[in-house]
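Visitor: below are the sequence and a predicted model for it; my questions follow.
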Amino acid sequence: MTTSFQSTATSVPADQPSPARRRVSARWRRRGGIYLARLTLMAVLIGGWQVGVNAKWIDSFFWGSPDGAYSQLKTWILNGTSQGSLASQILVTLQEALYGFLIGVVLGVVFGIALGRNQFLSDLFAPFIKVANSIPRIVLGSFFTLAFGYGIKSKVILAVVLVFFGVFFNAFQGTREVDRNLLSNARILGASRWQTTRQVVLPSAFTWIMASLHISFGFALIGALVGELLGADQGLGLLIKNSQNNTDINGVLAGMVLVALIALVAETLITLLENRVLRWRPPQQSADLTVF
């Protein structure tokens, strides 16, 4: 008598995708739906704005119009601006923002970790940092413009100040939030203070530091633009200021569009950097709030 055995395991038919493929496909469909919804929302807002201008419901003299801003951008691209080519204005502002961003991030991380690790330094500098942080940035912008002139230096320093405090407080708090058990274990294993800072404190605080970068470049861009509005001979801030002085609302809108595009590209690059250096971090629900 022959007994036949049949496998009880269920197999996926060859013509059907695996569960992993279905999850990936669902993720891409969801992302595609989000992009489509964003484009639809933008089309409704911009289209409604233009319809309101054409129907005289919106006064284009005070509020401008999408086609007017587009025409101004086209003129700047093809014919340049009163200060030179549009590309040179973008590069000047971008250079000021990048320098301020990089210097401010480095100083913020160094001072944040140093004061977070040393209670004496923290107590010593705490009142000075609070006073400096309480000073309105526009006042500092005027001071730096008078002290350092209309060149790139005053814009970079203002951008550094704006970036520094955001990064500093995150680095400081991230250092204070390090697990005390990890620090104790590192000391038990014979790690020096520098080794503990480099191998335990810095990796633990890195999530806090990376979170601060998302707003820091925006602050650097604000510093560059405010400095140019207060006094400059080139840059997008000066372009916007000249449009304002000429009562050209479409020129102001065109400048805002350029600034928004720069900020959007920077945010995308920072998000890619964060995803790469923090690959060890488990997926979070807040990841759905990213731009891309």
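Guide: All right, it came through fine. Numbers count the residues shown, from 1 in each chain.
Visitor: okay, CA-based contacts and neighbour counts for the rest of this
Guide: Fine.
Visitor: burial of residue 92, as a residue count?
Guide: The number of residues packed around residue 92, counting by other Cα atoms under 10 Å, is 16.
Visitor: how about residue 172?
Guide: The local packing of residue 172 (other Cα under 10 Å) involves 24 other residues.
Visitor: any idea how far residue 178 is from it?
Guide: 10 Å (Cα to Cα, to the nearest Å).
Visitor: which residues touch the closest residue to residue 98 other than its chain neighbours?
Guide: If the residues on either side of it in the chain are set aside, residue 98 comes closest to residue 220, at 7.3 Å by Cα to Cα, 6 or more residues apart in numbering. Residues near residue 220 by Cα atoms under 8 Å, 6 or more residues apart in numbering: 97, 98, 100, 101, 159, 160, 162, 163.
Visitor: who wins for neighbours among those?
Guide: When neighbours are counted by other Cα under 10 Å, residue 159 leads the contacts of residue 220 with 34 neighbours.
Visitor: for whatever helix or strand residue 273 lives in, which positions count as buried?
Guide: Assessed by DSSP states H and E, residue 273 sits inside helix 249-277. In terms of neighbour count (16 or more other Cα atoms under 10 Å), helix 249-277 has its buried residues at 249-256, 259, 262-263, 266-267, 270-271, 274.
Visitor: with stretch 44-52 instead?
Guide: For stretch 44-52, a neighbour-count test (16+ other Cα under 10 Å) marks 49, 50 as buried.
Visitor: go ahead and flag the most central residue of the chain.
Guide: Central residue of the chain (Cα atoms, centre = their mean): residue 214, 3.5 Å from the mean position.
Visitor: and the host helix or strand of that residue, what's its mean pLDDT?
Guide: Using DSSP H and E, residue 214 maps to helix 202-230. For helix 202-230, mean pLDDT rounds to 87.
Visitor: next SSE after the host helix or strand of residue 107?
Guide: In this structure, residue 107 is located in helix 86-117 according to DSSP H and E. Proceeding N to C from helix 86-117, the next assigned helix or strand is helix 119-134, under DSSP H and E.
Visitor: run through who's touching that following helix.
Guide: Residues from elsewhere that reach helix 119-134 (Cα under 8 Å, 6+ apart): 114, 115, 116, 165.
Visitor: mind running it again at 6 Å?
Guide: residue 115 (Cα atoms under 6 Å, 6 or more residues apart in numbering).
Visitor: low-confidence regions, the stretch 1-150 of the chain specifically.
Guide: Applying pLDDT under 70 to the stretch 1-150 of the chain flags the ranges 1-18, 20, 24.
Visitor: change it to 50
Guide: Within the stretch 1-150 of the chain, the stretches with pLDDT under 50 are 1-10.
Visitor: with the stretch 151-292 of the chain instead?
Guide: The model of the stretch 151-292 of the chain has pLDDT under 50 over residues 285-292.
Visitor: at 70 instead, please
Guide: Scanning the stretch 151-292 of the chain with the threshold set as pLDDT under 70 gives 179, 182-186, 189-193, 195, 197-199, 278-292.
Visitor: returning to what we had before: what packs against the helix holding residue 107?
Guide: Other elements packing on helix 86-117 under the criterion 3 or more Cα pairs under 6 Å, 6 or more residues apart in numbering; DSSP states H and E are helix 152-176, helix 202-230.
Visitor: most packed of those helices?
Guide: Greatest average neighbour count among those goes to helix 152-176 (a mean of 26), per mean count of other Cα atoms under 10 Å.
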